[in-house]
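Student: here is a sequence together with a model predicted from it:
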Amino acid sequence: MFHCNGWGMPYALTGMGVRHVVLRKVDGAEILRRVEAEGVTLLCGAPAVVGMILDAAAIWDGPIPGAGRTRMVVAGAPPPTRTIERVEAELGWEFIQIYGLTETAPLLTINRTRQEWDELAPADRAAQLGRAGVPALGVTLATDESGEVLARSNVVLEGYWDQPEATADALADGWFHTGDGGFIDDDGYLTIADRKKDVIISGGENVSSIEVEDRLFSHPAVAEVAVIGVPDERWGETIMALVVLTEGQQVTEAELIEHTRGQLAHYKCPTRIEFRDELDRTATGKLQKYKLRAPYWEGREKLVN
């Protein structure tokens, strides 16, 4: 309940007169059981939570609960397009992406299915739903010259408690600076490209870790992945992928690198891949990339070369 989504959803749903179910632990099979037993029509979670539900659904005995009725709201990080496809194809749930921060209480954008997307191929439809969405009521968005997403709204914080310098950095020139990099397309939809601190600069080129992760997720052997920048004498940083394999699947480092080379410019492709049993995450399922990066930069004065 410490998290904006943890208190925000129950308060909002209670205000609307909706009965809600709160779980103390994320368990994919238990979520499916509750959807079935309670007739749940709306869920909200990070992409990691969605992955646990999909894993449970793969071995679920009988029809998937909520198919054709349940909506899955995803927030906390941009989901891979393969995850979006699987939610609709394997669960039969409507996929809805939202974007916001604790500092914006929390909603800034929402992206729901539009009728004109119904005839699209699954991958193209997933690409449309993979955008963060259009501004919520009362929200104005922009990006600055660096690509950082800026917001104006009455939902934006007034300041950080007893942190005037942090407040001045975040609330500058009449805008709240989110710390996220992104762009707004011609349709007015925001796409989150990466956290500014998670952008990898290799040989002077900016590489979005999210873009590389999305391509790796398209390989069936990849269950989880985190892409980070690690020191490199020649390029300053090079791209490393930390991968958790799908149970029962095998793939080599060379095979995964080659898989990305067919989809990305070569400078964006990983040069190193390490396989892990699990990845560091917060209580809400977000990857803790600073923890994943730290061992590789230990002993250096700064986290870039």
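Tutor: Right, received. Where do you want to start? Numbering: from 1, shown residues only.
Student: span of stretch 237-253 from start to end?
Tutor: 19 Å (C-alpha to C-alpha, to the nearest Å).
Student: err, stretch 16-29, not the other one
Tutor: The first-to-last residue distance of stretch 16-29 comes to 28 Å (C-alpha to C-alpha).
Student: do the same with stretch 164-179
Tutor: First-to-last distance for stretch 164-179 - C-alpha to C-alpha - comes to 17 Å.
Student: just the buried positions in it, please.
Tutor: Ala170, Leu171, Trp175, Phe176, His177, Thr178 (16 or more other C-beta atoms under 10 Å). Just so you know, the C-beta spots here come from the backbone N, C-alpha and C atoms, and that holds for glycine as well.
Student: closest one to Trp93 out of these, please.
Tutor: Thr178 (28.1 Å; C-beta to C-beta).
Student: just to revisit the earlier point, max pairwise distance over the buried residues of stretch 164-179: which two?
Tutor: Leu171 and Thr178 (11.3 Å).
Student: ok, and the closest non-adjacent residue to Cys44?
Tutor: Val73 (4.2 Å; C-beta to C-beta, 6 or more residues apart in numbering).
Student: in a helix, Ile257, correct?
Tutor: Yes - per DSSP: H, G, I helix; E, B strand; the rest coil, Ile257 lies within a helix segment.
Student: quick check: it touching Lys268?
Tutor: No - using C-beta atoms under 8 Å, Ile257 is not in contact with Lys268, being 11.5 Å away.
Student: neighbour count winner among these two?
Tutor: Per other C-beta atoms under 10 Å, whichever of Ile257 and Lys268 has more neighbours is Lys268, with 21 against 17.
Student: got the contact list for the more buried one?
Tutor: Glu205, Val207, Glu211, Val212, Ile239, Thr260 (C-beta atoms under 8 Å, 6 or more residues apart in numbering).
Student: so which of the buried residues of stretch 164-179 are in strands?
Tutor: Cross-referencing these against strands under DSSP state E gives Leu171, Trp175, Phe176, His177, Thr178.
Student: spatially nearest residue to the second one (excluding sequence neighbours)?
Tutor: What it means is Trp175. In space, Trp175 is closest to Leu150, 3.9 Å off (C-beta to C-beta, 6+ apart).
Student: need the three-state assignment for that neighbour.
Tutor: Applying three-state DSSP: Leu150 is strand.
Student: quick check: the gap between it and Pro47.
Tutor: 24 Å (C-beta to C-beta, to the nearest Å).
Student: more neighbours, these two?
Tutor: Comparing Leu150 with Pro47 by neighbour count (other C-beta under 10 Å), the higher total belongs to Pro47, at 21 against 17.
Student: dihedrals phi and psi, the closest residue to that one other than its chain neighbours?
Tutor: Closest residue in space to Pro47, ignoring its immediate chain neighbours: Pro79 at 4.2 Å, by C-beta to C-beta, 6+ apart. Main-chain torsions, Pro79, degrees, to the nearest 10: phi -80, psi 150.
Student: wait, Pro79 touches Gly130, no?
Tutor: Yes - Pro79 is in contact with Gly130 according to C-beta under 8 Å; the separation is 6.8 Å.
Student: residue nearest the centroid of the protein?
Tutor: Nearest to the mean C-alpha position of the chain, by C-alpha atoms, centre = their mean, lies Ala77 at 2.0 Å.
Student: what secondary structure does that one sit in?
Tutor: Per three-state DSSP, Ala77 ends up coil.
Student: with that, I have no additional questions.
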